[in-house]
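Participant: Need the 3D shape of this:
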Amino acid sequence: MRGRVIAAIHGKFKVYDGTSFYEVGLKGNVRYFTRNIAVGDYVYFNEKTLIIEKLEPAFNRLIRPRVHNIDQLLIVMSIKEPDFSLLLVETFLTYAHYVEKIKPVVIISKIDLASKEEIFEQTTALSKLGVPYYLVDNLNEQGIEEVRELLSGQTSTLMGQTGVGKSALINALYPELDRTTGEISIKGGRGRHTTREVILFPLGDDTYLSDTPGFSSFTLPLFQDELIEHYPGIRNYLGKCYFNDCQHISEEQCAVKDAVARGDISTISYENYVKIYKELPRRKEQY
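Facilitator: Modelled structure (predicted):
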């Protein structure tokens, strides 16, 4: 029987086959196939023994949060408390572009805490990056229906700092999931599971939503020379500079720096790019 892993807890896997939930395991001491099984994976299991027998290849794999086969990455960023960070947004967008086969979307929460001018400043920056964004106020459900439509028929996962309102957003979208206590329950399963774990909620009509633990910092799994291929806005100018290996830092006749001078790339975005570039490791030379 084919099913999808929606939770992995203490060596056991909660699997959903479209109608029913099963708790399955792995045979004997064989703990892994060619790779580790993760939430979002599709597996084949024996309905009688409840043992996983086959693991399907994943079309994409997020490292952090660890979840596979995702269509959309919803980057949740509050306008305040904590303050909106374009640096973090661009970091997460870079990560999404690196993973590939995944659509990044920005969700700006807590808009009731900011002025129209503050919101306009941040959305203008996102528009220059060419990334879709949604404004939500979980208290009065502003923007909630639009986000719910965005999720329909897709497998989506939330990503963001601790405190940006991911749980509140899930409660507003799907009150039946009961995220008010900081815990979640899986239909058909025993016990409750905290947001320290990745959980994939089946919501019907091929719609899945993954809640993930929040975090205070995030490091890109990239080398310096890989950043230009994936950084939002910057990657649009790949191959357009005078030097083929231009890193857009100190080189002359740089298309990216020309775009910054014209205003096509915001100065803040370019400064963020330089900051991240300098923090990434340099690839060791091969001789």
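Participant: Just to check, Val131 is in contact with Ile108?
Facilitator: No. The pair Val131 / Ile108 is not scored as a contact, 11.3 Å apart, by CB atoms under 8 Å. Every C-beta, even on glycine, is put in place using the N, C-alpha and C of the backbone.
Participant: Pick out whichever of those two has more residues nearby.
Facilitator: Legend: neighbour count by other CB atoms under 10 Å for Val131 and Ile108, higher for Ile108 (25 against 19).
Participant: Surely the more buried one is within a strand?
Facilitator: Yes. Assessed with DSSP: H, G, I helix; E, B strand; the rest coil, Ile108 lies in a strand.
Participant: and the closest residue to it other than its chain neighbours, what does it touch?
Facilitator: Nearest non-adjacent residue to Ile108, counting by CB to CB, 6 or more residues apart in numbering: Leu135, 5.2 Å away. Leu135 is in contact with Ile108, Ile111, Ile119, Thr123, Gln142, Gly143, counting by CB atoms under 8 Å, 6 or more residues apart in numbering.
Participant: what about 10 Å?
Facilitator: 79, 106-111, 114, 119, 122-123, 142-143, 146-147 (CB atoms under 10 Å, 6 or more residues apart in numbering).
Participant: Go through those and say which is closest to Lys257.
Facilitator: Gln122 (23.7 Å; CB to CB).
Participant: for whatever helix or strand the closest one lives in, which positions count as buried?
Facilitator: Gln122 belongs to helix 116-129 when elements are defined using DSSP states H and E. For helix 116-129, a neighbour-count test (16 or more other CB atoms under 10 Å) marks Ile119, Gln122, Ala125, Leu126, Lys128, Leu129 as buried.
Participant: hmm, which of the contacts of Leu135 are the buried ones?
Facilitator: Ile79, Val106, Ile107, Ile108, Ser109, Lys110, Ile111, Ala114, Ile119, Gln122, Gly143, Val147.
Participant: give me the beta-bridge partners of the second one?
Facilitator: Right, the one you point to is Val106. Ile75, Tyr133 (DSSP bridges).
Participant: hang on, it packs against Gly130?
Facilitator: No. Here Val106 does not reach Gly130: they are 11.3 Å apart, not a contact under CB atoms under 10 Å.
Participant: Next, show the common contact partners of these two.
Facilitator: In contact with both Val106 and Gly130: Leu93, using CB under 10 Å, 6+ apart.
Participant: Give me the neighbour count for the nearest residue to Leu173 once chain neighbours are set aside.
Facilitator: Excluding its sequence neighbours, the residue lying closest to Leu173 (CB to CB, 6+ apart) is Arg148, at 5.5 Å. Number of residues near Arg148 (other CB under 10 Å) recorded here: 16.
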